[in-house]
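1. okay, predicted coordinates and the sequence, questions at the end:
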Amino acid sequence: GQNIDQPTEMTATEGAIVQINCTYQTSGFNGLFWYQQHAGEAPTFLSYNVLDGLEEKGRFSSFLSRSKGYSYLLLKELQMKDSASYLCAVRVGGSTLGRLYFGRGTQLTVWP
Amino acid sequence: GAGVSQSPSNKVTEKGKDVELRCDPISGHTALYWYRQSLGQGLEFLIYFQGNSAPDKSGLPSDRFSAERTGGSVSTLTIQRTQQEDSAVYLCASSSPDSSGANVLTFGAGSRLTVL
């Protein structure tokens, strides 16, 4: 089976930087995704890594180490609206349209 | 359409009744996925359709669950003889190949099912 671990909860203050870690044990790794989900809403795509290294997109960055089965999502200049659940997901298998396996999500609370 | 549309948004049913949940994917998206999200749990994969290929049903939790996709577009997830443990938010997503290779899944807002 696939095993994806991430912390259950994190807190941070407005303007700070937070790093959300994700470790995975999968067979047939074919990409790692981060999604953001506000309460009662659909998950929305944040980032995608398939090769080792850092992908930067504005205030959000995501890092991947395939040899270590490790990724992190870095959020800079935190804003209140960043309070949400952050989902780490891994795609497995040969197809780039294959299903994603999700972790349980990390609930981030940003305090003023 | 502009996004993935799901209906109903909320469904309350009695134990033992059958329910149908509908998903309208983004027009032109070839892949369609159903996931289930229970309180405090991650997204649990249920079933995946890709083009004309046989669906991947490996995530369906029991034979009370079934899904079909008609004409390569709209999908219906059916739960027969509902049980209280079926209470969850059922999320549909669609995707299609893109130049980045990410082939991002776009999710609908979900159908919240409550079984009394």
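-> Everything's here; your move. Predicted, not measured: the structure shown is a model, and the values here were computed from it.
2. what does chain B have sitting close to chain A?
-> By C-beta under 8 Å from any C-beta of the partner chain, the part of chain B that sits against chain A consists of B:4, B:30-31, B:33, B:35, B:40-45, B:48, B:50, B:56, B:59, B:91, B:95-97, B:100-110. C-betas here are computed from N, CA, C, even on glycine.
3. of those, buried ones?
-> B:4, B:30-31, B:33, B:35, B:42-45, B:48, B:50, B:56, B:59, B:91, B:95, B:102-110 (16 or more other C-beta atoms under 10 Å in any protein chain shown).
4. pull up the pairing partners for the least confident helix or strand in chain A by mean pLDDT, direction included.
-> Lowest by mean pLDDT, DSSP states H and E among the helices and strands of chain A is strand A:100-102, with a mean of 92. Sheet pairing for strand A:100-102, assigned by DSSP bridges, gives strand A:84-92 (antiparallel).
5. off-centre distance for the strand it pairs with?
-> Going by C-alpha atoms, centre = their mean, to the nearest Å, the spacing between the C-alpha centre of strand A:84-92 and its chain's C-alpha centre is 5 Å.
6. what about the chain, any weak spots by pLDDT?
-> No chain specified, so I'll use chain A. Within chain A, the stretches with pLDDT under 70 are A:1, A:96.
7. wait, chain B was what I had in mind.
-> In chain B, residues with pLDDT under 70: B:1.
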